[in-house]
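Asker: have a look at this prediction, sequence included:
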Protein chains: 2
Amino acid sequence: MIIGEAAKLSGMSAKTIRYYEDIGLVTPTRDPQSGYRDYSDNDVHVLKFLHRARDLGFSVKQCRELLSLYEDRDRASSDVKAIAKSHLEDIGRKIEELQEMENTLKHLVSCCQGDDRPDCPILSGLAGKDS
Amino acid sequence: MIIGEAAKLSGMSAKTIRYYEDIGLVTPTRDPQSGYRDYSDNDVHVLKFLHRARDLGFSVKQCRELLSLYEDRDRASSDVKAIAKSHLEDIGRKIEELQEMENTLKHLVSCCQGDDRPDCPILSGLAGKDS
DNA sequence: GATAAGGGTTCCAGTAACTGGAAGGTCAAG
DNA sequence: CTTGACCTTCCAGTTACTGGAACCCTTATC
């Protein structure tokens, strides 16, 4: 099938799919007549796999690892689990960071009148004067 | 003072400080003798301001807005509050997204034995087979 | 056969916010 | 006078795409 169809089926843009080919993730065959890329059902399957993994926040590098494990029928599930757990830790850290930001900022915002006067605890807070 | 000192005092790297000059955030004077950048106390104050704002996850673009509000003695605090609230919403959205990822991934990981056998619910999950 | 629409192709540039590194100038100390 | 620790500029790389230009292929219609 041509790239537009693969895009629809996989849920990714054609741009992204071409990009994944550039970086060596999914390499379709070519129609020698037209020069168009020709995607097999399996290619689309792999594209979907990548799409889900990216949605779960795996980096492209991690996706590459997961993909090679996926295509290796003899892989140990512990290898996959290790990647996933490391990624889970990353996610956890990010959540914590964001929650800290959220708390600090909520505090500053709650202290600010938000009217047309110039006094602003948010700016004072950022400037280092304890609000 | 020279850039290294400003870096120490503000908590940012000299690289970052030069970058902030490139994009027009903080422009120090120059020592005409040496060509070295010369930072005033106020420059450092602004650098600290930026450092905190970035730490709170404000984009550089938002920092620019906050900074111009900070330097405008007649600004309305509501303008600042609007930026902060919009940023708070962004943060909230990101947290939710990450928590969804975390849930999905935790589920997959908990289903995976993590041994030396090849069966792996994580990969199956990514491949679209419901685990 | 000409043409127009709606695909496809390549390639280059831009995004965000820095960071690393090379090549070279300046300054204070010994 | 040299050494070391600063500083300077400039270019490239990072992540994962996205936008756009210029041009080719296919199909349908007139």
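Answerer: It's in.
Asker: hey, where'd the helices end up in chain A?
Answerer: Using DSSP state H, the helices of chain A run over residues A:3-10, A:14-22, A:41-55, A:60-70, A:77-111, A:121-127.
Asker: can I get those in JSON lines including distance to DNA strand D and mean pLDDT?
Answerer: For every residue, glycine as well, the C-beta is placed using N, CA and C. Below are the helices of chain A laid out as JSON lines (distance: least, Cβ to the nearest atom of the strand, whole Å; pLDDT from 0 to 100):
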{"stretch": "helix A:3-10", "distance to DNA strand D": "10", "mean pLDDT": "96"}
{"stretch": "helix A:14-22", "distance to DNA strand D": "4", "mean pLDDT": "96"}
{"stretch": "helix A:41-55", "distance to DNA strand D": "5", "mean pLDDT": "95"}
{"stretch": "helix A:60-70", "distance to DNA strand D": "3", "mean pLDDT": "94"}
{"stretch": "helix A:77-111", "distance to DNA strand D": "11", "mean pLDDT": "93"}
{"stretch": "helix A:121-127", "distance to DNA strand D": "24", "mean pLDDT": "92"}
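Asker: among these, show me which one is buried the most.
Answerer: helix A:121-127 (a mean of 22; mean count of other Cβ atoms under 10 Å in any protein chain shown).
Asker: not counting that helix itself, show me its contacts.
Answerer: When contacts are defined by Cβ atoms under 8 Å, 6 or more residues apart in numbering or on different chains, helix A:121-127 is touched by residues A:108-109, A:111-112, A:131, B:45, B:48-49, B:52-53, B:56, B:66, B:69-70, B:77, B:80-81, B:84.
Asker: now check it, is it near DNA strand C?
Answerer: No: applying Cβ under 7 Å from any atom of the strand, one finds helix A:121-127 separated from DNA strand C by no less than 14.4 Å.
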